[in-house]
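Peer 1: with the sequence up front, the predicted model follows.
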Amino acid sequence: MSNEFSLHKEIMLSMDKIYYLASCDTCRKIIKSLPKEHDFKFHDIKQDPITLEELEQMRKLAGSYEALFSKKAQLYKSMDLKNKSLTEDDYKKYILEHYTFLSRPVFIIKDKIYIGNSQQNMHQVNLVLAHV
């Protein structure tokens, strides 16, 4: 039974995934523009908070927690975090504590990560999807 569970878990972690916020207009617009034939696993980070294991996978692909951290978040400003020296452990803690600290959307496609909604990032995602 545990082998079956770990195989299922491994398959779920290896699927192409989008971590997004359903209430975010930008995320919804981006998702709507994706090719319909591509099979993504959608993960609404507000309804289903990311797990430590998922965050670790993202960090491994991104190279750091800071790369995943949104400095545009309202909480970042209201908590005055820009005037603090944040460590990797701080970034990790904040992302796990509140979904708003994850820069979004986060795409994991064929074991590569694409973070945020910048025009350059979305161009990269579209190029990859065109060749999948």
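Peer 2: In hand now; what should we look at? No experiment lies behind these values; they were computed from the predicted model shown.
Peer 1: please enumerate the strands of this protein.
Peer 2: Per DSSP state E, the chain carries strands over the ranges 17-20, 41-44, 106-109, 112-115.
Peer 1: hey, which helix or strand in this structure has the poorest pLDDT?
Peer 2: The least trusted helix or strand in the chain, going by mean pLDDT, DSSP states H and E, turns out to be helix 2-14, with a mean of 48.
Peer 1: pretty sure residue 111 contacts residue 61?
Peer 2: Yes - applying Cβ atoms under 8 Å as the test, residue 111 and residue 61 come out as touching, 7.0 Å apart. Placement of C-beta: from N, CA and C, glycine included.
Peer 1: list the contacts of residue 108.
Peer 2: Going by Cβ atoms under 8 Å, 6 or more residues apart in numbering, residue 108 touches 16-19, 57-58, 61, 114.
Peer 1: most neighbours out of those residues, which is it?
Peer 2: Going through the contacts of residue 108 with other Cβ atoms under 10 Å as the criterion, the one with the most neighbours is residue 19, at 26 neighbours.
Peer 1: state the distance from the residue most central in space within the chain to residue 64.
Peer 2: Centrality entry for the chain: nearest residue to the mean C-alpha point is residue 106, 3.0 Å, by Cα atoms, centre = their mean. Here residue 106 is placed at a distance of 14 Å from residue 64 (Cβ to Cβ, to the nearest Å).
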